[in-house]
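Engineer: take this sequence and fold it.
(chains A, B, C and D)
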Number of protein chains: 2
Amino acid sequence: MVRMSGFDLEQFLPYLLNQAAEASSLAFQQVYKERYGMLRNEWRVLFHLGMYGRMTAVQIAGRAQLHKTKISRAVAKLEARRFLTRTRDDTDRRVEHLALTGTGLAAFEELRQIAHRYDQALVADLAPEEAAHLRALLARLAQARVTAPLRGK
Amino acid sequence: MVRMSGFDLEQFLPYLLNQAAEASSLAFQQVYKERYGMLRNEWRVLFHLGMYGRMTAVQIAGRAQLHKTKISRAVAKLEARRFLTRTRDDTDRRVEHLALTGTGLAAFEELRQIAHRYDQALVADLAPEEAAHLRALLARLAQARVTAPLRGK
DNA sequence: GTGTAATAGTTGTGTTTGTAACTAACAAGC
DNA sequence: GCTTGTTAGTTACAAACACAACTATTACAC
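Structural biologist: Purely as a prediction, here's the structure:
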């Protein structure tokens, strides 16, 4: 065991990202869970509809990088809570447009403000340009697709 | 909807971190899944034992920030695959020490090298000090505990 | 038109997770 | 000694997930 050529588990980027993601979501998660009985995917759908207005499930899935079954179930729950409504598209009847209700919008507004303050608390001890740089790097990593076969030497 | 006072979902740090974490884990995940039939928690336990030698479940849970039930199940699977062995502590018979077998160590070695190359690929287009800075920031975020009540204005 | 393929969304299945309750062993107070 | 509390690890059950199969609708070829 121990001490191998310059590889440290705790410096491994996917590991670090996971730890940071989980730690940084924890307190916020509690808010939408305990306060609105929402799960992560429901929160995400709510936020997408709140931020970008009327969308279809596929559009949300594309933007949020979520599988459509997750969207489907999240939408069902949000609908049951009267946070959103579905409307069939007239010209293509496979499609349904999702939109927040007043209740849904109110929940979004409240959570949006909390998220905003929460985000500021997270970067509180970073210089503004440091935080901006971090976000840019993360956005790039979120896009990056490492295709590598990762085999042999 | 749309355009609210300087808050953008796609700039929200927990969201960005989640997206980056998932994207950056994807290809590596496939390796330990398809090649070793391991799940994320099993990989983590394997790596901890490989990097730090003999450990107890609680020690791993502490370091990896994982609940002990996850460790328990991961250990059971790794043991079934003969990747590790358990030894009861003589003086405190509640405790069991976990250690990789030859097979486990070989799997770890192979995955460790893959992880190393994978990590390098991820930061390939970053300046070395940029990558180091990113890791440092992530490590800090992983520690940060936002206690904020997050309530009202 | 008919046949084939693609797309939007849902449902069904086994697996994995989260949470709490549990057993077993130790520790400390008295 | 006994009682109470704590710690290591496992188990049970409900909820959530992944992935494939499904329905319904549109599109495209001919």
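Engineer: doesn't residue A:90 lie inside a helix?
Structural biologist: No. Under DSSP: H, G, I helix; E, B strand; the rest coil, residue A:90 falls outside any helix and is assigned coil.
Engineer: distance of it relative to residue A:96?
Structural biologist: 11 Å (Cβ to Cβ, to the nearest Å). C-betas here are computed from N, CA, C, even on glycine.
Engineer: between the two, which one's more packed in?
Structural biologist: residue A:96 (15 against 7; other Cβ atoms under 10 Å in any protein chain shown).
Engineer: surely the more buried one touches residue A:88?
Structural biologist: Yes. Under the criterion of Cβ atoms under 8 Å, residue A:96 makes contact with residue A:88 at 5.5 Å.
Engineer: what do the two both touch?
Structural biologist: Common neighbours of residue A:96 and residue A:88 (criterion: Cβ atoms under 8 Å, 6 or more residues apart in numbering or on different chains): none identified.
Engineer: who touches the residue most central in space within chain A in this structure?
Structural biologist: By Cα atoms, centre = their mean, chain A has its centre lying nearest to residue A:44, at 5.1 Å. Going by Cβ under 8 Å, 6+ apart, residue A:44 touches A:60, A:64, A:66, A:74, B:15.
Engineer: try residue A:73
Structural biologist: residue A:41.
Engineer: any idea how far residue A:24 is from it?
Structural biologist: In terms of Cβ to Cβ, residue A:73 sits 25 Å off from residue A:24.
Engineer: how much space between residue A:105 and residue B:66?
Structural biologist: Distance check for residue A:105 against residue B:66: by Cβ to Cβ, it reads 37 Å.
Engineer: just after the lengthiest helix in chain A, pick out the following helix or strand.
Structural biologist: Looking across chain A with DSSP state H, the single longest helix is helix A:13-36. Using DSSP states H and E, the helix or strand that follows helix A:13-36 in sequence is helix A:40-52.
Engineer: wait, does that next one contact DNA strand C?
Structural biologist: No. Residues of helix A:40-52 are not located near DNA strand C by Cβ under 7 Å from any atom of the strand, the shortest gap being 10.0 Å.
Engineer: that helix near DNA strand D at all?
Structural biologist: Yes. Using Cβ under 7 Å from any atom of the strand, helix A:40-52 comes into contact with DNA strand D via A:40-41.
Engineer: tell me how far that helix is from the chain's mean position?
Structural biologist: Relative to its chain's centre, helix A:40-52 lies at 8 Å (Cα atoms, centre = their mean, to the nearest Å).
Engineer: how about stretch A:100-114?
Structural biologist: For stretch A:100-114 - counting by Cα atoms, centre = their mean - the centre lies 16 Å from the chain centre.
Engineer: what's it in contact with?
Structural biologist: Outside stretch A:100-114, the residues that reach it (Cβ under 8 Å, 6+ apart) are A:28, A:31-32, A:36, A:43, A:46-47, A:49-50, A:78, A:81-85, B:1, B:4, B:7, B:150, B:153.
Engineer: the same query, at a cut-off of 6 Å, please.
Structural biologist: A:31, A:36, A:46, A:49-50, A:82-85, B:150 (Cβ atoms under 6 Å, 6 or more residues apart in numbering or on different chains).
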